[in-house]
Structure formats: C-alpha cells, structure tokens
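Student: pasted the sequence and its predicted model underneath.
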2 protein chains.
Amino acid sequence: METISENRCFDGTQGVHKHPSDACNCDMTFGLFLPQEAQFTKVPLLWYLSGLTCTHENAMTKAGAQVWAAEQGIGLIFPDTSPRGEDVANDDAYDLGKGAGFYVNATQDPWAPHFQMYDYIADELPALVAKNFSIDMDRQGITGHSMGGHGALTLAMTRPGQFQSVSAFAPICHPTNSDWGKKQLGAYLGEDTSNWAAHDSTLLMKDRGFDGPILIDTGTDDQFGDLLGTEHLAAAIAERRQNAQIRLQPGYDHSYFFVSTFIEDHVAFHAQALYE
Amino acid sequence: METISENRCFDGTQGVHKHPSDACNCDMTFGLFLPQEAQFTKVPLLWYLSGLTCTHENAMTKAGAQVWAAEQGIGLIFPDTSPRGEDVANDDAYDLGKGAGFYVNATQDPWAPHFQMYDYIADELPALVAKNFSIDMDRQGITGHSMGGHGALTLAMTRPGQFQSVSAFAPICHPTNSDWGKKQLGAYLGEDTSNWAAHDSTLLMKDRGFDGPILIDTGTDDQFGDLLGTEHLAAAIAERRQNAQIRLQPGYDHSYFFVSTFIEDHVAFHAQALYE
C-alpha cells in the first residue's frame, strides 16, 4: 500500500492510499479519514460508496462529512466506484464500465477480469484497512449516494452482521426494474435475471431485510427520481415492518448540495448504532 | 443576469449566476448561497474570494461553508478569480492571467482590457447583488483563501466602511516582497512599485489598518508558507495594536481540508460582527 497524500482535517487526517487489488486485478485508490481518536484507540468505520462517474475523491471533497465524523470519533472510507487502468474494459456511456461498477462481481466479458467490486468492497478492502489502520472492524456502518446507495443497501443486506447500520442518499432502489440497473446488471451478470436479485434492494428487502436500522433520504425534486424506484423499496420496507426511516426531502435534488445538507444526520445515525 | 443553476442546500438555495461585466468586459460567473431567511428578509453577506487557479466553483463545493451560513442566516458569495473568455489574455503559468486576477485593476498590456478585478469585486458585483437579491448591503463581511485572502484583506482596508469584518485563510500577506506577488503586480500594474502598495496587506496595515475585527488562520505545515509572508503582517498588526487574531494552526496545510476545518469559526466570527 502506498500513501498518495495526507492532509490534516478537523484535528484528524484525510488520507488517500493506493494498493494493488487482487479482486479487481489492478491498482485501486481510496480515501480514508481518521479522526483524532484513532491515534489512541480503534475507531468505528463508516463506508461511503459513491455514485456513477465518481472516483474516491468526489465525496471526500464535496460531501462535508469529515466535520461530523470528527465530532463523533468515526472513521470514513471513500472507495473508488470501479476498477481503473488502461487495460480495464470501458464503455463510452457514463453509466457502464469505469466509474460505474455497480458493486457487483461481473461474470460476463469484457467485464469479468476486473469488475469485481462486490468482493473488493465486502472483503478485500476491509481486510486491508483492518491490517493497516486503527479501525474497530466490529463496528462498521455503510452509506452511499445513488449507485452507491444501491451498493450500501445491497451489501448490508447480503452481508448480515458485517454492518451494524445502513443509510443511503437517493439510492437506486430497484435496479432490476430501472434503466439505471437493467443495462448494467445485464452487461455485468448476463441476461439470466435470477442472478440480479442479490443486487436489488427492493427484492432483498422482500426476501430478508436488514437486522439493524436503515435511514434513507431522497429529494422530492431529484432529477433522476423516476430511475430510483424509491416507491418500491418504501413499500417493501413497510410490508416487512423493517426498522427504517425513509425521508422525502422537499425541494432537494440529486446533487452533493443535497448530500451535504443531510450528511450530519447520517453520521449521527450511524454513530448511535455503532456506539450502542 | 442569467441563472445557470439552483440547488436546494441547507434549507436555502445555492445558485450560480452569469452576467455581462462592464468592469471586466466579459461575461462573469459567481456562486451565491442564500439561507432560508432570505425568502422573508434581507440577509447579511459574506464574500469568499478564492485562490490561484480557482473559479467560482471550488469553494462553493469544497469549503463546506453553507452549513454554517445557513445556521447564522448569512448569504455567501463566491466570485470568480479573473475575467474569462477566448479574447481574454492569458499566460501559461498557473499564477498569472486567467485564475490569477489578484484583485487588482491592471494598467498594463495585455491585461488592462479585462483584468479589472478590484472594481469588479468592490463595486460592480455588489451593485448587481444588491439589485437582484435579498441582501442587506449595510452588513457585509469578507474572507478568502491564499490569493483570495490577500484580496479580502486589501479590499477591506482600502474600502473603509464597506465591510464590517474581514478574515482570511492562509492569505498572501506581503506580495510586494514575495514571488507570489512581485511577478503579478509587476505584470498587471507595471514596474513602478509605488503603485503596488495599495495591494499589500502588510503595507496597508502599517499605513491605515482596519476599523473592525480581523481573523487570520494559517497552517504551520502550509507548503507555501514561505510565499505567504505571515510574519510581516503579524508584526504590522502587533505594531498597530489592530483588533485581530492570527492563529497558526498546528499541522494544517494550504488545502481545502484546512479551509473546511476552520470555516465554521470564520462564519461565526463574521456573524458576530454583522449582527452587532
């Protein structure tokens, strides 16, 4: 692992680190904010999974999360959204290939050799972080924005016990039924839709739910609202009587201005679960 | 004036607006955050002048200022750092020409036809804002980062009564004596150094000071520390017995991670002065 940069930030450290990834078969870069407390003790960790077109950097510089993580004594990790490099397959569209890993393990060509983002986020990166940083891996929460909200919810439900809490900003809720999902799940996983169900929050909620609290914020003026399928996940949550809050925020859109407005609530929500 | 975008943010609105500028003889773009209170009453305004290479966008998306401005009921304006457009003179260096206006009125070719950033910030943009938005122009503070800190301090001292309070993050304090200054003041204002003094905070502090409070934060690990000349301004402030705080922040560098860490203090500092 190589440290690319470290900046002091809210009495802690915002680092950027690069490492060879076995899962993705390429070098991967991630951001890690460690609060001051990490100098003395292992701190809980909140995962932030980003949306389409993002790298590790967008949320790290634009979400305004560090101030609240420092206040709560929680670490923040910002993984990249896809494998990277010249020999990694790509597509001209913004929503397939690089920047659009969708947090799945691709089984189809040309994606399978590198696009193993589920394994990368669920297993490889946690092991790396546990080995190299002062993190208490028994206390992890996960959040994300848009495609990353989809990633957070599907990882939380398919890895019971790994995350104590999950939240999401404007998540893609029902990708098997959306143009943000059908194209990508088809490309990465093939046309047999039975393989898609493990990557659809609405279907996972119907099938198993989550053993912990869920917080979801989505703006009423989200310009991609029709692609998110919030209504399907909301119905599934209500039907299951899942411990969850779904908040439709009046006037907010899909931007980081929306995320930054509610990130304080999300960090506090995870802190409550992680310090229980 | 044309509104480029509006995003709901902390119950207020983050707007981006474009307008033809008489001072700069080109179209100029600025960001304006208005807190919720602006729907009902005129709100105080805090100017944020950005540093080298920045546009109106950097601080607007990376400084994390809106949360505190919303809390205090203050507007934030993020002007661009230079004139823009194909017919605007430029230089290959990052620190001259576009993105590097230095908040002066250029008298020299090829800069004079467009680089009138002092007049733009001091007169033209305030008049535009007063006319179009719910701002109380009798309550204005000004802050900035690096070159923008230089701009904030020099504007505050050369426009007595216009700003009630001034602060700065890692400001260029003594440009007539620094490689961040001599090159640009020479290019824009010519080689007669007597014309430079009105654009040097240290010289202005010796000459006149500021009738209000000053807050300056600079990191002890600022990678450009030698170019800032903080020691010269600090000495001038102490000699004048100016109402001021200069804080050397241990371990912090020149980045937005530094700015975002202390922006809460700066917004609160200005709010105290503006709501007096």
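Tutor: Thanks, I have the structure now.

Student: which residues of the stretch 1-150 of chain A lie near chain B?
Tutor: Proximity of the stretch 1-150 of chain A to chain B, by Cβ under 8 Å from any Cβ of the partner chain, involves residues A:7-11, A:14, A:61-62, A:64, A:66-67. C-beta here means a position set from N, CA and C on the backbone, and glycine is covered the same way.

Student: go on, the stretch 151-276 of chain A?
Tutor: Counting by Cβ under 8 Å from any Cβ, the residues of the stretch 151-276 of chain A near chain B are A:219, A:221, A:251-253, A:255-258, A:260-261, A:264.

Student: among the residues of the stretch 1-150 of chain A next to chain B, name the ones in helices.
Tutor: A:61-62, A:66-67 (DSSP state H).

Student: please pick the buried ones from the residues of the stretch 1-150 of chain A next to chain B.
Tutor: Buried by 16 or more other Cβ atoms under 10 Å in any protein chain shown: A:7-10, A:14, A:61-62, A:64, A:66-67, out of the residues of the stretch 1-150 of chain A next to chain B.

Student: with pLDDT added, can I get those residues in JSON lines?
Tutor: As requested, these are arranged in JSON lines below (pLDDT from 0 to 100):
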{"residue": "A:Asn7", "pLDDT": "98"}
{"residue": "A:Arg8", "pLDDT": "98"}
{"residue": "A:Cys9", "pLDDT": "98"}
{"residue": "A:Phe10", "pLDDT": "98"}
{"residue": "A:Gln14", "pLDDT": "98"}
{"residue": "A:Thr61", "pLDDT": "97"}
{"residue": "A:Lys62", "pLDDT": "97"}
{"residue": "A:Gly64", "pLDDT": "98"}
{"residue": "A:Gln66", "pLDDT": "98"}
{"residue": "A:Val67", "pLDDT": "98"}
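
Student: ok, of the residues you listed, which one's closest to B:Gly151?
Tutor: Nearest to B:Gly151 among these, counting by Cβ to Cβ, is A:Thr61 at 22.7 Å.

Student: list the contacts for A:Arg84?
Tutor: Neighbouring residues of A:Arg84 by Cβ atoms under 8 Å, 6 or more residues apart in numbering or on different chains: A:26-29, A:98.

Student: wait, I meant A:Gly99
Tutor: A:Gly99 neighbours (Cβ under 8 Å, 6+ apart): A:52-55, A:81-82.

Student: biggest separation within these, which pair?
Tutor: Taking Cβ to Cβ as the measure, the contacts of A:Gly99 have their most distant pair in A:Leu52 and A:Thr55, spaced 11.4 Å apart.

Student: of the two, who's got more company?
Tutor: A:Leu52 (22 against 19; other Cβ atoms under 10 Å in any protein chain shown).

Student: thought the more buried one was touching A:Lys98?
Tutor: No - the criterion here is Cβ atoms under 8 Å, and A:Leu52 misses it with A:Lys98 at 10.5 Å.

Student: can you tell me how far A:Ala106 sits from A:Leu189?
Tutor: Going from A:Ala106 to A:Leu189 by Cβ to Cβ, to the nearest Å gives 7 Å.

Student: over to A:Cys54?
Tutor: Using Cβ to Cβ, A:Cys54 is found at 22 Å from A:Leu189.

Student: do the same with A:Gln245
Tutor: A:Gln245 is 31 Å from A:Leu189, by Cβ to Cβ.

Student: the longest helix in chain A is where?
Tutor: Longest helix in chain A, counting by DSSP H: helix A:256-274.

Student: if we can go back for a sec, compare A:Gln245 and A:Leu189 (neighbour count), which wins?
Tutor: Legend: neighbour count by other Cβ under 10 Å for A:Gln245 and A:Leu189, higher for A:Leu189 (22 against 13).

Student: and the helices in the stretch 51-200 of chain A?
Tutor: Secondary structure of the stretch 51-200 of chain A (DSSP state H, counting those that start in this stretch): helices at A:57-62, A:66-72, A:117-119, A:125-132, A:147-158, A:182-189.

Student: looking at those helices, which is buried most?
Tutor: Of the helices of the stretch 51-200 of chain A, the one with the most neighbours on average (mean count of other Cβ atoms under 10 Å in any protein chain shown) is helix A:147-158, at a mean of 27.

Student: now that helix, how far from the centre of its chain.
Tutor: 6 Å (Cα atoms, centre = their mean, to the nearest Å).

Student: what does stretch A:263-274 give?
Tutor: Remark: stretch A:263-274 is offset 15 Å from the chain centroid, using Cα atoms, centre = their mean.

Student: likewise stretch A:95-113?
Tutor: That offset, for stretch A:95-113, works out to 16 Å (Cα atoms, centre = their mean).

Student: average pLDDT across it?
Tutor: Mean pLDDT, computed over stretch A:95-113, is 98.

Student: so how far is B:Ile142 from the spatially closest residue to A:Ala69 that is not a sequence neighbour?
Tutor: Counting by Cβ to Cβ, 6 or more residues apart in numbering or on different chains, the nearest residue to A:Ala69 once its immediate chain neighbours are dropped is A:Leu76, at 4.8 Å. To B:Ile142, A:Leu76 is 32 Å away according to Cβ to Cβ.

Student: do A:Phe257 as well
Tutor: According to Cβ to Cβ, A:Phe257 and B:Ile142 sit 23 Å apart.

Student: ok, now A:Met28?
Tutor: Using Cβ to Cβ, A:Met28 is found at 42 Å from B:Ile142.

Student: contacts only, for A:His19.
Tutor: A:1-2, A:27-28, A:128.

Student: hmm, try it at 10 Å
Tutor: Going by Cβ atoms under 10 Å, 6 or more residues apart in numbering or on different chains, A:His19 touches A:1-2, A:27-30, A:124-125, A:128, A:132.

Student: what does A:Tyr188 give?
Tutor: So A:Tyr188 contacts A:96-97, A:100-102, A:104-108, A:111-112, A:115-118, A:195-196, A:199 (Cβ under 10 Å, 6+ apart).

Student: name only those of those residues that count as buried.
Tutor: Taking 16+ other Cβ under 10 Å as the criterion, what is buried in the contacts of A:Tyr188 is A:96-97, A:100-102, A:104-106, A:111, A:115-118, A:196, A:199.

Student: tell me which element A:Phe33 is part of?
Tutor: strand A:26-34 (DSSP states H and E).

Student: that strand pairs with which strands, parallel or anti?
Tutor: Applying DSSP bridges, strand A:26-34 is found paired with strand A:12-21 (antiparallel), strand A:75-79 (antiparallel).
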